[in-house]
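J.: Below: sequence and its predicted model.
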Amino acid sequence: MDCPLHDSLLRAHYKGSLLNEEKTVFYDTRVDNNGDPLEFCSGEGLVPEGFEMCVRLMLPEEIALVTCPPDYAYDKFPRPTNVPEGAHVQWEIELLGFEMPKDWTGMTFQGIMDEAEKIRVTGNRLFKEGKFELAKAKYEKVLREFNHVNPQTDEDGKVFSDTRNLLHLNVAACLLKLGECRKSIEACNKVLDANPAHVKGLYRRGMAYLAAGDFEEARNDFEMMIKTDKLSEPDAMAALTKLKRMEQEAEKKVRKQFKGLFDKKPGEIAEVKTEDNSGDQTQGQITEKQMSDVQESSDCNESEGSLDGAAHAPQMGWFYHFWSSGRRLFSAQGLQKSTILFLLVAAISIVILQLTNTMPAVAA
């Protein structure tokens, strides 16, 4: 390969300067590094992002002049003392050479596991530094290589399986930090599908469910932890306590939003309070998302009613329309089915009372 596209050990000289009138040089490897070139492994966050992006596309002995905005220079990277915040910089880079990573083909099983451990340790360091994308890339690199590994003994098979499970759960942790809750759950399932009693997998997936607002699924995983391993009970109980607090907060939020629905007397029209993005409350307004949810459930129910026949379509369509719309709306706030049912039954009761009070009296 002519360019170091993949993670490699690189050697380069560079001179960095500010884009001011004086073109102030803030670092030069030939002067400030005793004439020695910079050596670093790409993919480990050791140089600014813009610097690494450029070097990956260079040929050995090529010289490039790179102008870089602050976001890809030193605003998200430890700045040299003489580089001000928000500074655009220019690097003159000469790539001296690079070494590709070892080819795992033909390596012994122990050699493969040693290389995997080195990469995993690097990923752990990147995770601790908050570089979750880079850490995830390291774990996923090993998992891709593992697709071509076939342990020959039961002992090797157990070591291999344990390491692979650990890497999947590390990927899940990165995804959770990046806000990808559903993908984190999928990564955990790769472990739990083969071993449903994997305690660390249950905990990691439970936390992902919790972050996604799937409280019932999270509770099931935390309770399964306790049944599987009593030593995990402190962690599971702490997670269950957090879950209960989040449930209560979600319920309070929804009750506050729909408080007006339960404050009105029979026969009076209740206005629903909602909060817009700025935090201000408005009355009698329904968000576009709520309207789209109601419309979607209405369309589905109409098609279902047509399959059941015309005789029962109106009643079933009305019930499913009300239940599906309300459940979708309240579920978005993280409420459980029992709470949703309570709120919807209360709302139906109010509507019935309103209709009863407004109907004209019928003479006997």
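T.: Received, thanks.
J.: So what touches stretch 8-26?
T.: Residues outside stretch 8-26 that contact it (Cβ atoms under 8 Å, 6 or more residues apart in numbering) are 4, 27-30, 37-42, 51, 55, 67, 80, 82-84, 87-101. Glycine gets a C-beta too; all of them are placed from N, C-alpha and C.
J.: buried set for that stretch?
T.: Neighbour counts over stretch 8-26 (16 or more other Cβ atoms under 10 Å) mark 8, 10-18, 26 as buried.
J.: Report the central residue of this protein.
T.: By Cα atoms, centre = their mean, the chain has its centre lying nearest to Glu180, at 1.8 Å.
J.: For Pro70, see how far away that one is.
T.: For Glu180, the distance to Pro70 equals 27 Å [Cβ to Cβ, to the nearest Å].
J.: just checking, which of the contacts of stretch 8-26 belong to helices?
T.: In this view, the contacts of stretch 8-26 that belong to helices under DSSP state H are 29-30, 51, 55.
J.: I'd like those as CSV, with distance to Phe160, neighbour count and pLDDT appended.
T.: Output for these, formatted as CSV (distance: Cβ to Cβ, whole Å; neighbours: other Cβ atoms under 10 Å; pLDDT from 0 to 100):
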residue, distance to Phe160, neighbour count, pLDDT
Thr29, 42, 18, 95
Arg30, 46, 13, 94
Phe51, 37, 25, 96
Val55, 34, 25, 95
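J.: one step back: determine which two of the buried residues of stretch 8-26 are furthest apart.
T.: Farthest apart among the buried residues of stretch 8-26 by Cβ to Cβ are Ser8 and Leu18. That separation is 29.1 Å.
J.: nearest spatial neighbour of Ala218, skipping sequence neighbours?
T.: Leaving aside its chain neighbours, Ala218 sits nearest to Tyr209 (3.8 Å; criterion: Cβ to Cβ, 6 or more residues apart in numbering).
J.: With Glu145 instead?
T.: Among residues not flanking Glu145 along the chain, Trp104 sits closest, at 5.4 Å (Cβ to Cβ, 6+ apart).
J.: Can you give me the neighbour number for the one you found?
T.: Applying other Cβ atoms under 10 Å, we find 15 residues neighbouring Trp104.
J.: And His6, by the same measure?
T.: 13.
J.: per-residue confidence at it?
T.: Note for His6: predicted pLDDT of 89.
J.: what's the answer for the one 4 residues further on, then?
T.: The predicted structure scores Leu10 at 95 on the pLDDT scale.
J.: same deal with Val294?
T.: pLDDT for Val294: 38.
J.: so what's the backbone phi/psi at Glu180?
T.: The phi/psi pair for Glu180 (degrees, to the nearest 10) reads phi -100, psi 70.
J.: Name all residues that make contact with it.
T.: Per Cβ under 8 Å, 6+ apart, neighbours of Glu180: none.
J.: how about a cut-off of 10 Å?
T.: Listed by Cβ atoms under 10 Å, 6 or more residues apart in numbering, the contact set of Glu180 reads 132, 136, 172, 174, 186-187, 208, 211-212.
J.: Distance of it relative to Leu38?
T.: According to Cβ to Cβ, Glu180 stands 34 Å off from Leu38.
J.: what's the answer for Gly179, then?
T.: Computed with Cβ to Cβ, the distance linking Gly179 and Leu38 is 34 Å.
J.: of the two, who's got more company?
T.: Using other Cβ under 10 Å, the more surrounded residue of Gly179 and Leu38 is Leu38, with 18 against 10.
J.: Pretty sure that one sits against Pro48.
T.: No. With contacts counted by Cβ atoms under 10 Å, Leu38 stays clear of Pro48, the gap being 11.9 Å.
J.: Could you pull out the strands in the stretch 51-200 of the chain for me?
T.: Counting by DSSP state E, counting those that start in this stretch, one finds strands in the stretch 51-200 of the chain at the ranges 63-68, 89-99.
J.: Since that was my last question, I'll sign off now.
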